[in-house]
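Chemist: structure here, sequence nowhere to be found:
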């Protein structure tokens, strides 16, 4: 049984991955699936075309990061390097950690306000697993790796665009 998180080949029926210790019990077959369920289980994150992330140093100022988000019309930056991501700073972090005290925190390093050690998934991971991770973790952006190297970033918007293009009947005209 191939682990959807790290692509390690486990023995069939394993409850957890021997490599990354992720829970594999949700992979058990529970009967027929709808077309949508099947497509998000069969389609990998690579199909979403992860965007090349904007990377910043942990010591860059909050003010500079906010400017980068605005100028690039993006929802997050990754903190660190392509070899080692130490954090992520998103528009949600800006609202929850910076808003209302911008003048006070603007010169401080982004490392004080970022979310440390963000979750990431391999590009071969099914979209369904990313939706679950993002829902459980309450985040909207997810770094995507391939063979341990940073590949890009996906957002919940990428998944919604995939679903709306594949299933246009779900979108109702107002």
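Modeler: Done, it's in. Keep in mind it's a predicted model, so treat the numbers as computed, not measured.
Chemist: would you double-check that residue 134 falls in a strand?
Modeler: No - counting by DSSP: H, G, I helix; E, B strand; the rest coil, one finds residue 134 to be helix, located in no strand.
Chemist: chain center to the helix-or-strand element of the chain with minimal mean pLDDT, what's the gap?
Modeler: Every helix and strand of the chain was ranked by mean pLDDT, DSSP states H and E. The lowest is helix 35-42, at a mean of 87. Distance, stretch centre to chain centre, for helix 35-42: 19 Å (C-alpha atoms, centre = their mean, to the nearest Å).
Chemist: for the helix or strand following it, which strands pair with it and how are they oriented?
Modeler: Where DSSP states H and E defines the elements, the next helix or strand beyond helix 35-42 is strand 55-56. Strand pairing for strand 55-56, determined by DSSP bridges: strand 76-80 (parallel).
Chemist: what does the partner strand rub up against?
Modeler: The contact list for strand 76-80 (C-beta atoms under 8 Å, 6 or more residues apart in numbering) reads 53-58, 65, 68-69, 85-91, 110-111, 114, 118, 140-141, 143, 150, 153, 155. (Glycine included, C-beta is placed from N, CA and C.)
Chemist: narrow those to those in helices?
Modeler: Using DSSP state H, 65, 68, 69, 91 are the members of these that sit in helices.
Chemist: how about TSV for these, with distance to residue 80 added?
Modeler: Below are the ones in helices among the contacts of strand 76-80 laid out as TSV (distance: C-beta to C-beta, whole Å):
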residue	distance to residue 80
65	13
68	15
69	17
91	19
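Chemist: out of the contacts of strand 76-80, which are buried?
Modeler: Using 16 or more other C-beta atoms under 10 Å as the burial test, the contacts of strand 76-80 include 53, 56, 58, 65, 68-69, 85, 87-90, 110-111, 114, 118, 140-141, 143, 150, 153, 155 as buried.
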